[in-house]
Structure formats: structure tokens, C-alpha cells
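In: here is the input, now give the coordinates:
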Amino acid sequence: MGKWDFGITLAVVGMGGTMLVLYFLSLVISLLKRLFPHKKETAS
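Out: Model (predicted):
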């Protein structure tokens with residue numbers, strides 16, 4: 001494997017891993033929003 005092949009492979013794996021982590025993070029945030037819904041404060 002040449003330097004260019006390794007560099008492109010590493011870039012693809014790095015970007016793919018980042019997108020995968022961001023996707024899972026958005027799933028966790030959505031789950032937390034469903035478990036703990038936002039309650040509006042009442043004006044007094």
C-alpha cells in the first residue's frame with residue numbers, strides 16, 4: 001500500500017468514524033429528550 005492509498009484510506013476512515021459518532025450522539029440526545037421532556041414554566 002502506497003502513501004497515497006494509506007492517506008486516502010485513513011481520511012475516509014477518520015471522516016466515517018466522526019460521522020458515525022455524531023449520528024450516535026444525536027440518537028442519545030433524542031432519547032434523552034423523550035425521557036426528560038421540557039416543561040414550560042408557568043408565569044406568576
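In: now do the residue most central in space within the chain against Met15, distance only.
Out: The residue lying closest to the centre of the chain (C-alpha atoms, centre = their mean) is Leu22, at 1.0 Å. Leu22 is 11 Å from Met15, where distance means C-beta to C-beta, to the nearest Å. For every residue, glycine as well, the C-beta is placed using N, CA and C.
In: in this structure, where is pLDDT below threshold?
Out: 43-44 (pLDDT under 70).
In: assign Lys33 to helix, strand or coil.
Out: helix (DSSP: H, G, I helix; E, B strand; the rest coil).
In: do Glu41 as well
Out: Under three-state DSSP, Glu41 falls in the coil class.
In: next, count neighbours for it.
Out: Residues within reach of Glu41, counting by other C-beta atoms under 10 Å, total 5.
In: hmm, back to that, chain center to the helix or strand hosting the residue nearest to the centre of the chain, what's the gap?
Out: Applying DSSP states H and E as the criterion places Leu22 in helix 3-35. Between the centre of helix 3-35 and the centre of its chain there are 6 Å (C-alpha atoms, centre = their mean, to the nearest Å).
In: next, the buried residues of it.
Out: For helix 3-35, a neighbour-count test (16 or more other C-beta atoms under 10 Å) marks nothing as buried.
In: run through the neighbouring helices and strands of that helix.
Out: Applying 3 or more C-beta pairs under 8 Å, 6 or more residues apart in numbering; DSSP states H and E, we find helix 3-35 packed against no helix or strand.
In: can you give me how far stretch 30-42 is from the chain middle?
Out: On C-alpha atoms, centre = their mean, the centre of stretch 30-42 falls 20 Å from that of its chain.
In: run through who's touching stretch 7-26.
Out: Stretch 7-26 is contacted by residues Met1 when judged by C-beta atoms under 8 Å, 6 or more residues apart in numbering.
In: can I get the CA coordinates of that stretch in PDB?
Out: Written as PDB, here are the backbone C-alpha positions of stretch 7-26 (Å, rounded to 0.1, in the frame of the first residue of the first chain):
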ATOM      1  CA  GLY A   7      -3.600   8.600   3.300                       C
ATOM      2  CA  ILE A   8      -6.900   8.300   1.500                       C
ATOM      3  CA  THR A   9      -7.900   5.200   3.500                       C
ATOM      4  CA  LEU A  10      -7.100   7.000   6.700                       C
ATOM      5  CA  ALA A  11      -9.100  10.100   5.700                       C
ATOM      6  CA  VAL A  12     -12.100   8.000   4.800                       C
ATOM      7  CA  VAL A  13     -12.000   6.000   8.000                       C
ATOM      8  CA  GLY A  14     -11.500   9.200  10.100                       C
ATOM      9  CA  MET A  15     -14.400  11.000   8.500                       C
ATOM     10  CA  GLY A  16     -16.600   8.000   8.600                       C
ATOM     11  CA  GLY A  17     -15.900   7.400  12.200                       C
ATOM     12  CA  THR A  18     -16.600  11.100  13.000                       C
ATOM     13  CA  MET A  19     -20.000  10.900  11.200                       C
ATOM     14  CA  LEU A  20     -20.900   7.700  13.000                       C
ATOM     15  CA  VAL A  21     -20.100   9.200  16.400                       C
ATOM     16  CA  LEU A  22     -22.200  12.300  15.600                       C
ATOM     17  CA  TYR A  23     -25.100  10.100  14.500                       C
ATOM     18  CA  PHE A  24     -25.000   8.100  17.700                       C
ATOM     19  CA  LEU A  25     -24.700  11.300  19.700                       C
ATOM     20  CA  SER A  26     -27.800  12.700  18.000                       C
END
